[in-house]
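Novice: A predicted structure for the sequence below; I have some questions about it.
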Amino acid sequence: MKLIGIGGLPRSGKDTVAELLIAEGWFGISFGDVVRVHAFVRHKGEPDPISVANMTDTSNWLRETQGPDVILQEAIKQFNVRQHSGKQDKGLVLWSVRAPVEVDFILSHGGELIWVETSDEVRYERGMQNLREGEAKISLEEFKRQEQLQWQPQPGIPKEVQMDISYVKNHATKTIENNGNDVEAFKRTIEQALGL
């Protein structure tokens with residue numbers, strides 16, 4: 001199985017990278033989408049069930065109650081079902097990679113790990129201008145505070161079940177910058193970086 005993982009902070013451009021690979025014949029699964037479904041249920045009734053803080057809480061809860069690689073295993077299962085049904089995907093692209101277990105799996109299987117680098121200010125503006133259902137407007141300071149929960153393991157929760165964005169970034173095999181607002185230019189950068 002060919003593997004490509006994509007990491008980056010919220011609103012960095014991970015979806016755009018994944019969409020281009022999917023258009024090239026890869027099967028893709030967003031770990032964030034998997035967690036988002038559970039966050040809507042787990043934080044039902046809150047004004048912002050899919051805030052970064054609530055997504056982090058839900059991700060840690062899933063991994064703690066069902067195993068550190070629960071989201072990864074679900075993605076592999078979906079990919080294998082597709083292949084057995086006769087689909088001929090080029091490989092599996094996993095985006096919103098957040099945990100060391102996911103990084104280690106991708107790299108140990110000869111995969112590539114792409115990090116999408118975007119400034120906090122640019123990501124914040126994108127996020128506040130395009131709120132998803134279940135998100136609320138917050139200050140830049142709160143935006144940064146919530147993201148700190150993903151940068152390194154938090155106390156009181158087993159390390160192996162938590163997000164560790166610094167681990168993802170430090171193990172990336174390729175970095176793509178995305179600080180502009182020209183989506184077409186970013187797509188050309190991706191195509192050049194990945195040889196599409």
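Specialist: In hand now; what should we look at? Numbers count the residues shown, from 1 in each chain.
Novice: tell me which residue is most central in the chain.
Specialist: S96 (0.7 Å; CA atoms, centre = their mean).
Novice: nearest residue to that residue other than its sequence neighbours?
Specialist: Leaving aside its sequence neighbours, S96 sits nearest to G32 (CB to CB, 6 or more residues apart in numbering; 3.6 Å). For glycine as for every other residue, the C-beta is placed from the backbone atoms N, C-alpha and C.
Novice: again with I157
Specialist: Per CB to CB, 6+ apart, closest to I157 is N60, 5.6 Å.
Novice: for the strand or helix carrying that neighbour, buried residues please.
Specialist: Element membership for N60, per DSSP states H and E: helix 52-66. By neighbour count on 16 or more other CB atoms under 10 Å, the buried set for helix 52-66 is 52-63.
Novice: after that helix comes which helix or strand?
Specialist: Defined by DSSP H and E, the subsequent element after helix 52-66 is helix 70-84.
Novice: hey, which helix or strand in this structure has the poorest pLDDT?
Specialist: helix 140-151 (a mean of 84; mean pLDDT, DSSP states H and E).
Novice: between the buried residues of helix 52-66, which sits nearest V122?
Specialist: V52 (16.0 Å; CB to CB).
Novice: just to revisit the earlier point, now for the residue nearest to S96: which residues touch it?
Specialist: Contacts were defined as CB atoms under 8 Å, 6 or more residues apart in numbering; by that measure G32 touches 55, 95-96.
Novice: would you map the strands across the protein?
Specialist: For the chain, the strands defined by DSSP state E occupy 3-8, 27-30, 92-95, 112-117, 174-177.
Novice: dump those strands to CSV, plus mean pLDDT.
Specialist: Below are these laid out as CSV (pLDDT from 0 to 100):
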stretch, mean pLDDT
strand 3-8, 96
strand 27-30, 93
strand 92-95, 95
strand 112-117, 97
strand 174-177, 96
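Novice: quick check: which of the ones you listed is nearest to Q148?
Specialist: Of all those, strand 3-8 comes closest under CB to CB, at 15.8 Å.
Novice: how about low-confidence regions in this structure?
Specialist: Applying pLDDT under 70 to the chain flags no residue at all.
Novice: so which residue of it lies furthest out from the middle?
Specialist: G86 (27.4 Å).
Novice: one step back: can I get the contacts of G32 in JSON lines with distance to R42?
Specialist: Shown next, in JSON lines, are the contacts of G32 (distance: CB to CB, whole Å):
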{"residue": "M55", "distance to R42": "10"}
{"residue": "W95", "distance to R42": "22"}
{"residue": "S96", "distance to R42": "17"}
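Novice: closest to D182 out of those residues?
Specialist: W95 (21.0 Å).
Novice: for the closest residue to the closest one other than its chain neighbours, give me its contacts.
Specialist: Once flanking residues are discounted, W95 sits nearest to I6: 3.8 Å by CB to CB, 6+ apart. Counting by CB under 8 Å, 6+ apart, I6 makes contact with 14, 17-18, 93-97, 113-114, 116.
Novice: just A75 next, same as before
Specialist: 29, 31, 34, 92, 94.
Novice: again, only this time at 10 Å
Specialist: By CB atoms under 10 Å, 6 or more residues apart in numbering, A75 lies in contact with 27-31, 34, 69, 92-94, 102, 105.
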